[in-house]
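# I would like the atomic coordinates for the input below:
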Amino acid sequence: MAERYEPARGYPEVPVKLPANAPSAEYGSDLIAELISSMGFEHVFLLPGSSFRGLHDSLVNHTRNTKPEMILCPTEFAAISAGHGYAKATGKPALVIIHDLVGLMLGCMSVFNAWCDQVPLLVLGGSGPLDPNKRRIIDWTHSASSQSDLVKKFTKWTSEPPTLQSTLDSIMRGYRVAGTAPYGPVYISIDQDVQEAKIPLGIVMPDPKNPMYAPPAPQAADANAITQAVDWLLAAKMPLIIAGRIGYNPATTEPLAELVELTGAAYLDDRNVACMATDHPHNLSGDNEIQKTADLVLTIDCVDTENAAGKPRAGKRIVDMSLNFLYPNNWSNYGGPLPPVDLQIPCAALVGIAQLNAALRERLAKNPPAVLATRRTELKERHDVLRKKQREGWSARANEVPIARPRLTDALYDAVKDKDWVITVRNNRGLDEGVFRLKGAGQYLGGDGGGGVGYAPGAAVGAALALRDKKKFCIALMGDGEFTIGSAAIWTAAHYRIPFLLVITNNTSWGNDETHQVSVAKTRGRPPENAWIGQRMIEPDIDFAALAKSYGAWTEGPVTDPNTLTAVFKRAIAAVESGQTAVVDVRVQL
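Here you go, the predicted structure:
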């Protein structure tokens, strides 16, 4: 029977019985831990695994569970999702460590999400000894000729270094690759024998401050392409600008608003992002008609250019500003077909926007088109009509049971509107356009990227951890299916004192798929009344409040009366502001 040592209760988790002065590194994993610490990682998300037991020991007993601090997650899927959310919240690569093979298999979907979302992650995985003579019986199960093959098709780079020196060098290179635009996950396996062996002579520790490891400067756009884009923007009768992943970065709001205003362009957010203030007079997000009349569409860092800009048609030009074509993609069809653009501007989005703005200011100072003022007035009027419709169109449904989603959105916004809030995750139907008013980029951290259900709980925890010291009020909205898959991540939040408000929009169904079944049935002339079969999670209904409470969260629900939402959210907010994770289960319509 294994020895069991009782932990010191409470948080933070501080190692005991260690010497006052940190001893010199003895084992390979000690140097790996020192390198990780010197790279500036504050946290590492992990699920324990025997294949990195040496590194685990070094992170606890050598670098003393500080810089990075371990954040224990319930599954590899949750650990990588937490790193995904953390990276979007910080704008820097996040560190994740997982068990080899079976751990990587379980985490593959999360790696794919991060790859589709172009998020910088440094994922380290243990590995059974490469030398067969050093493998224990179980190590044969934890060994593969190339475990990176599991994720090689949806990572930017992988490495399986055989020595301590090559491991240290690979970690530094991986950090650079992940943090170079277009961003993405990298995977590096760390040989168990390299971790546990004594440090050989001649090891040279990489210096993270060495310029060779720094990501290159953001790529600027070609000057001629900028001139062409400015010509077309100013000549267009109705230009439309659509922005995507740059919405994760708060620095986007001001220059993007300037671009929209200088050109007198209409604006739309791409799917699952928010880059502009909801109340900006050019913001027509939710207007399904503007794409049909725009004669110039500029997409900026959008996932799928064709989906964002719409199909080509006579008299319509499409300009794409992104680095999408530089991103490795030789397996999945994610991102859509080769976009039918008239002008491709490969550059870092914020750099390209700054170049466009500078060129526009210079051009407009000489000869501003008279149509700009008229178009700005027209767009403001169109915006005001749209927002009024969005905010008032659901009023007749305010007292419906189950609760109408706009009613939930309105009550939640009213409860948090005066706080410094960030929406860390939301499902596609989580917030109604125009009802929850955002102030700009950085207030919503987007979706899962690749469609991997179960991302939201872990991502919400990682993002809230990243934003905890910034005193942001973090909000997560997710469906009951998403929560069911990843609910154990709430234990991580409760244990590490990560406060945020999680609202479960609970329709007791795999709602997206149920709506598909309704559509198929109607198309085929079959009864849509049967669409719920194989979709509804009922009898028994899941008691999400009790489940979340068992993980240590403050909970309430199921909330079924729309007139109680205000009081419920008031209590939940008080719990969050006292340092707790608050989970509210709200029964909503499909």
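
# which SS class is Ile353?
The local conformation at Ile353, judged by DSSP: H, G, I helix; E, B strand; the rest coil, is helix.

# Can you tell me how far it is from Ala494?
The spacing between Ile353 and Ala494, counted by CB to CB, to the nearest Å, is 41 Å. Backbone N, C-alpha and C define where each C-beta goes, glycine included.

# Mind checking which of the two has more residues around it?
In this view Ile353 and Ala494 are compared by other CB atoms under 10 Å, and Ile353 has more residues nearby, 25 against 22.

# Buried residues of the helix or strand where Phe112 lies, list them for me.
Assigning secondary structure by DSSP states H and E places Phe112 in helix 102-116. Buried residues in helix 102-116, counted by 16 or more other CB atoms under 10 Å: 103-104, 106-116.

# next one: it to chain centre, how far?
14 Å (CA atoms, centre = their mean, to the nearest Å).

# For the stretch 201-350 of the chain, just list every one of the helices.
223-235, 253-263, 290-293, 305-309, 349-366 (DSSP state H, counting those that start in this stretch).

# and for the fourth one, what are the contacting residues?
Outside of helix 305-309, the residues within contact range by CB atoms under 8 Å, 6 or more residues apart in numbering are 242, 244, 268, 270-271, 291, 297, 299, 302, 318, 320, 322, 324, 336-337, 339-341.

# the longest helix in this protein is where?
If you go by DSSP state H, the chain has its longest helix at helix 371-392.

# Report the inter-axis angle for the very next helix or strand once past it versus helix 371-392.
Using DSSP H and E, the helix or strand that follows helix 371-392 towards the C-terminus is helix 405-416. Relative orientation of helix 405-416 versus helix 371-392 (axes from the mean of the first three to the mean of the last three CA atoms, to 10 degrees): 100 degrees.

# which other residues reach the helix or strand of the chain with the lowest mean pLDDT?
Least confident helix or strand, the chain: helix 137-141 with a mean of 82, by mean pLDDT, DSSP states H and E. Residues external to helix 137-141 that are found in contact with it (CB under 8 Å, 6+ apart): Ser50, Leu101, Gly128, Pro129, Gln192.

# which of the residues in the longest helix of the chain are buried?
Leu372, Arg375, Arg376, Leu379, Arg382, His383, Leu386, Arg387, Gln390, Arg391.

# Ok, stretch 504-518 next?
504-512, 514-515, 517-518.

# Check the average confidence over it, would you?
In this model, stretch 504-518 has a mean pLDDT of 93.

# tell me how far the ends of it are from each other?
Using CA to CA, to the nearest Å, one end of stretch 504-518 lies 23 Å from the other.

# got a list of contacts for it?
Contacts of stretch 504-518 (CB under 8 Å, 6+ apart): 402, 405, 408, 427-430, 477-481, 483, 528, 530-532, 535-538, 541, 544, 557-558, 583-590.

# now, among the contacts of helix 137-141, which is nearest to Leu35?
Closest approach to Leu35 among the contacts of helix 137-141 (CB to CB): Gln192, at 17.6 Å.

# Surely that closest one and Pro129 touch.
Yes: taking CB atoms under 8 Å as the definition, Gln192 is a contact partner of Pro129 at 5.3 Å.

# The two - which one has more neighbours?
Neighbours per residue (other CB under 10 Å) separate Gln192 from Pro129, with Gln192 holding more: 28 against 21.

# For the helices of the stretch 201-350 of the chain, please prepare TSV with the additional fields distance to Gly452.
Below are the helices of the stretch 201-350 of the chain laid out as TSV (distance: least, CB to CB, whole Å):
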stretch	distance to Gly452
helix 223-235	35
helix 253-263	29
helix 290-293	28
helix 305-309	19
helix 349-366	25
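
# give the contact list for the residue nearest to the spatial centre of the chain.
Centroid-nearest residue in the chain: Gly85, 4.5 Å away (criterion: CA atoms, centre = their mean). By CB under 8 Å, 6+ apart, the contact set of Gly85 is Thr424, Val425, Leu445, Gly458, Ala459, Ala460, Val461, Gly462, Ala463, Ala464, Ala466.

# Give me the neighbour count for the third one.
Around Leu445 there are 30 other residues, counting by other CB under 10 Å.

# any idea how far it is from Ala411?
Leu445 is 22 Å from Ala411, by CB to CB.

# swap in the last one?
Separation of Ala466 from Ala411 (CB to CB): 27 Å.

# More neighbours: those two, which one.
Ala466 (27 against 23).

# Show me what the host helix or strand of Ala574 is in contact with.
Using DSSP H and E, Ala574 falls within helix 565-577. The contact list for helix 565-577, computed with CB under 8 Å, 6+ apart, reads 403, 407-408, 411-412, 414-416, 419, 473, 499-501, 554, 556-557, 559, 582, 584, 586.

# Give the PyMOL command for selecting the buried subset of those.
One line in PyMOL is enough to select the buried ones among the contacts of helix 565-577; burial here means 16+ other CB under 10 Å:
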select buried, resi 403+407+408+411+412+415+416+473+499+500+501+554+556+557+559+582+584+586
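
# that older thread, in strands, which of the contacts of helix 305-309 fall?
Taking DSSP state E as the definition of strands, those contribute Ile242, Leu268, Val297, Thr299, Ile318, Asp320, Ser322.

# Farthest pair within these?
The most distant members of the ones in strands among the contacts of helix 305-309, if one measures by CB to CB, are Leu268 and Ser322, lying 15.8 Å apart.

# circling back: which of the contacts of stretch 504-518 are buried?
402, 405, 408, 427, 429-430, 477-481, 483, 531-532, 535, 544, 557-558, 583-590.

# so how far is Trp331 from Trp115?
Counting by CB to CB, the gap from Trp115 to Trp331 is 10 Å.

# where do the contact lists of these two overlap?
Joint contacts of Trp115 and Trp331 (CB under 8 Å, 6+ apart) are Phe154.

# Need the buried residues of helix 102-116 in a markdown table (columns: distance to Ala217).
Shown next, in a markdown table, are the buried residues of helix 102-116 (distance: CB to CB, whole Å):
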| residue | distance to Ala217 |
| --- | --- |
| Gly103 | 36 |
| Leu104 | 33 |
| Leu106 | 37 |
| Gly107 | 32 |
| Cys108 | 33 |
| Met109 | 33 |
| Ser110 | 30 |
| Val111 | 28 |
| Phe112 | 29 |
| Asn113 | 28 |
| Ala114 | 24 |
| Trp115 | 24 |
| Cys116 | 26 |
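
# can you put those in CSV and add distance to Ala181 and pLDDT?
Formatted as CSV, these follow (distance: CB to CB, whole Å; pLDDT from 0 to 100):
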residue, distance to Ala181, pLDDT
Gly103, 29, 93
Leu104, 26, 94
Leu106, 29, 94
Gly107, 24, 96
Cys108, 24, 96
Met109, 24, 96
Ser110, 21, 97
Val111, 19, 98
Phe112, 20, 97
Asn113, 19, 97
Ala114, 15, 97
Trp115, 14, 97
Cys116, 16, 96
